[in-house]
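> structural data only, the sequence is not supplied:
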DNA sequence: CTGTTAGCGCATTCAC
DNA sequence: GTGAATGCGCTAACAG
């Protein structure tokens, strides 16, 4: 007869330190000490306690522990805008990996890009006493992330910069990556390079636009407004915008795309009208290597963003009381240029 | 001067119910009642309490609450094999969505497909008193998931069936989907249809193989061992295996692939040698619609698996004490057949 | 080396 | 309607 079922009802009382103590003939305190591996316990009692733990199938109650400790729930919050985006799931994976090595777990939240949900989530995470949180902020409205509101819960921003608050941050080299990508197009001989981007409100989009322009200016290649479209949102709208651009009589011979979705839209457009326009884009494209056309991709390690964010966070979480408060740090993940489909 | 910093050190005592009570001139109990929206409180005291809450910036401590309640941490565990796989991040997204609507959060764990890590994780989740957990089991070794070990924590398996334990389960129609896909190839006129799969140990792989074979047998089309490869693991090995298969003198004219990675490997092989072999595959392929060749995909809604799993779980979590224990249920997510690239 | 006392913040009794 | 007492399970701080 099993002592518990899957009813979801309170199971028959799980054993506590007290039960273990009784069984081992010691005090609860001693059990606690053994459990935490404190050295000042005699080997013989330790053995007895461990035996009792085993026999009773005792398990430490992290909730009670957390309450007693006043802190250290052993949980880190991770708040992203959209888990369906592979970028964020890689980020989550990287963060989870680092957290795990420190015995910490991740509590996940997806905001759908809505600031209100983001605020609710972070608030809830504070209530749950997470030891710290990593947030991909949905917008520059970040007052709900200030130290006061978060009750001093350590915070690291990922992917987008702080705005009006101070916090450790991990960013991608959006500017440098875009500049390198566009520069390569120029080096490939293109003197007319268009830009396909999403609306300028987004930090990453704005940075990548700046990078594209910088590359052209540095190369002395014309920057023409007519070759810029910043209204694409997804594959479909990107395709339409690219078509529009490429069907002009003075169409550019190359196109730099600000995100992977946009690159795909442009790719479709190019295949559709057969102009052979050269394409470069930001963000890894899952299947870049099975696509037909040559493609230049500004790539980066999304896992690494998560790993770095987790490291920065844990750094603060584990900071010795008494250590002077460190100023906010910023970490920039580099990009690399990858060329696909040249040798087919 | 902010009352807190981001040092990671215990912040200056956050206000508790007691502080609020003192400020509102009532007892802690009354505060608690107001907070939980109990009706038996006079409007005037309620107003006073809420004012105090606001002034002090009070926030409920979920940890203390959870301890007191003995249950209901408000957390659901989600244990997957590999978050980097878009399939699982979609699953996570679906589960998170449903959990959120019930005021629950997800605690995430990635096992890398290792049973030991899976056991450690689930154990830890029990210690954290999660209200329930969704697990994508790494293998058929599932003794660490039995009701006793989990202390009765409600459990739902996703993607793979229980083995030696009893638990609610959400599966994909692997068999039916593969059969439908292979049947369509036959209907398209193919009488020689190969199979490219991963090693038979995996449940999904075995089921899909069965489905493929069933379709051919039902159609009276030959099932030849020489057209079967079940040793592919990733895009590279799949490509090699497919090449091998397609370079035979009696090569099949169509190939059914058991997973999206394998489909891509086969796709490469077909492009490489230009046989024009027809391809069908299980699992959505991210960019199926920008690929060149015609492609038949057995697709399904990965989010839906997560949603259903969360619903089954929450069903048990919220079960009224006294309700008879429900027997384990099984839910099968249907597949659909999608044809890509025919009209280009 | 080990035990005792006390209390983390909240909510369930049971009084009034 | 409201309050006082009590304890969830664990562990600091102090004895001994």
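The structure has been received and is ready for your questions. Everything quoted here is computed from the prediction, not taken from an experiment.
> just give me the residue right at the centre of chain A.
Ranked by distance to the mean C-alpha position of chain A (CA atoms, centre = their mean), the top residue is residue A:91 at 3.6 Å.
> same for the helix or strand hosting that one, what does it pack against?
Counting by DSSP states H and E, the element that carries residue A:91 is helix A:86-101. Secondary-structure packing of helix A:86-101 (3 or more CB pairs under 8 Å, 6 or more residues apart in numbering or on different chains; DSSP states H and E): strand A:75-80, strand A:105-110, helix A:302-317, helix B:86-101, strand B:105-110. The C-beta positions use only the backbone N, C-alpha and C, and glycine is treated the same way.
> is there any residue in the first one that contacts chain B?
Meaning strand A:75-80. Yes: using CB under 8 Å from any CB of the partner chain, we find that strand A:75-80 touches chain B at A:75, A:78.
> doesn't residue A:80 make contact with the residue nearest to the centre of chain A?
Yes: proximity of residue A:91 to residue A:80 meets the contact threshold set by CB atoms under 8 Å, at 6.9 Å.
> tell me, what's touching the two both at once?
Any residue near both residue A:91 and residue A:80 by CB atoms under 8 Å, 6 or more residues apart in numbering or on different chains counts here, and that gives residue A:136.
> can you give me the domain boundaries for chain A?
A:17-60, A:73-172+A:302-333, A:174-299 (automatic domain parsing).
> can you put these in a markdown table and add mean pLDDT?
Below are these laid out as a markdown table (pLDDT from 0 to 100):
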| stretch | mean pLDDT |
| --- | --- |
| domain A:17-60 | 88 |
| domain A:73-172+A:302-333 | 92 |
| domain A:174-299 | 91 |
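> in chain A, mark out all the helices, start to finish.
Under the criterion DSSP state H, chain A contains helices at A:17-24, A:28-35, A:43-56, A:62-69, A:86-101, A:115-127, A:174-187, A:203-219, A:235-246, A:260-273, A:302-317.
> buried sites along the fourth one?
Read it as helix A:62-69. By neighbour count on 16 or more other CB atoms under 10 Å in any protein chain shown, the buried set for helix A:62-69 is A:62, A:63, A:64, A:65, A:66, A:67.
> quick one, what contacts the first one?
What it means is residue A:62. Counting by CB under 8 Å, 6+ apart, residue A:62 has contacts A:73, A:74, B:124, B:127, B:128, B:129.
> and those as TSV, adding distance to DNA strand D and neighbour count?
Converted to TSV, these look like this (distance: CB to the nearest atom of the strand, whole Å; neighbours: other CB atoms under 10 Å in any protein chain shown):
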residue	distance to DNA strand D	neighbour count
A:73	13	23
A:74	11	19
B:124	14	19
B:127	8	17
B:128	12	22
B:129	9	22
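> distance to residue B:55 for the residues you listed - can I get that in TSV?
As requested, these are exported to TSV (distance: CB to CB, whole Å):
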residue	distance to residue B:55
A:73	27
A:74	32
B:124	39
B:127	37
B:128	33
B:129	32
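> now, which of those sits nearest residue B:169?
Nearest to residue B:169, judged by CB to CB, of the contacts of residue A:62 is residue B:124 at 22.5 Å.
> got a list of what that closest one touches?
Under the criterion of CB under 8 Å, 6+ apart, the contact list for residue B:124 reads A:62, A:105, B:109.
> quick check: residues of the stretch 51-200 of chain A near DNA strand D?
A:60, A:61, A:64, A:65, A:67, A:68, A:69 (CB under 7 Å from any atom of the strand).
> which of those are close to chain B?
Applying CB under 8 Å from any CB to those, those adjacent to chain B are A:60, A:61, A:64, A:67.
> measure the residue of the stretch 51-200 of chain A found nearest DNA strand C to residue A:314 for me?
Nearest to DNA strand C, among the residues of the stretch 51-200 of chain A, is residue A:68, at 3.7 Å (CB to the nearest atom of the strand). Residue A:68 sits 22 Å away from residue A:314, going by CB to CB, to the nearest Å.
> kindly reformat the helices of chain A as a markdown table containing distance to residue B:42.
Formatted as a markdown table, the helices of chain A follow (distance: least, CB to CB, whole Å):
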| stretch | distance to residue B:42 |
| --- | --- |
| helix A:17-24 | 41 |
| helix A:28-35 | 42 |
| helix A:43-56 | 48 |
| helix A:62-69 | 31 |
| helix A:86-101 | 46 |
| helix A:115-127 | 27 |
| helix A:174-187 | 56 |
| helix A:203-219 | 50 |
| helix A:235-246 | 56 |
| helix A:260-273 | 56 |
| helix A:302-317 | 43 |
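> closest one to residue B:303 among the ones you listed?
Closest of the helices of chain A to residue B:303 is helix A:86-101, at 12.9 Å (criterion: CB to CB).
> next, the angle from that closest one to helix A:302-317.
40 degrees (axes from the mean of the first three to the mean of the last three CA atoms, to 10 degrees).
> residues of the stretch 51-200 of chain A that sit close to DNA strand C?
Counting by CB under 7 Å from any atom of the strand, the residues of the stretch 51-200 of chain A near DNA strand C are A:67, A:68, A:70.
> can you tell me which of those residues is closest to residue B:239?
residue A:67 (54.8 Å).
> what sits against the closest one?
B:61, B:63, B:64, B:67.
> same question for residue A:228.
A:194, A:195, A:197, A:209.
> for the residue lying closest to residue A:18 once chain neighbours are set aside, give its distance to residue A:21.
Once flanking residues are discounted, residue A:18 sits nearest to residue A:28: 5.3 Å by CB to CB, 6 or more residues apart in numbering or on different chains. Separation of residue A:28 from residue A:21 (CB to CB): 4 Å.
> any chance of the domains of chain A in JSON lines, plus distance to residue B:164?
As requested, these are exported to JSON lines (distance: least, CB to CB, whole Å):
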{"stretch": "domain A:17-60", "distance to residue B:164": "19"}
{"stretch": "domain A:73-172+A:302-333", "distance to residue B:164": "27"}
{"stretch": "domain A:174-299", "distance to residue B:164": "37"}
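> wait, which of those domains is closest to residue B:178?
domain A:174-299 (22.4 Å).
> so how far does the closest one reach from one end to the other?
Domain A:174-299 has an end-to-end distance of 10 Å (criterion: CA to CA, to the nearest Å).
> one more: stretch A:110-120?
Start-to-end, stretch A:110-120 (CA to CA) is 11 Å.
> how about residues contacting it?
A:79-83, A:121, A:135, A:137-139, A:141, A:144, B:93, B:96-97, B:100.
> likewise stretch A:154-173?
Identification of contacts with stretch A:154-173 by CB under 8 Å, 6+ apart yields A:91, A:131-137, A:140-143, A:145-147, A:203-204, A:300, A:305-306, A:308-310, A:312-313, A:316-317, A:328-335, B:6-8.
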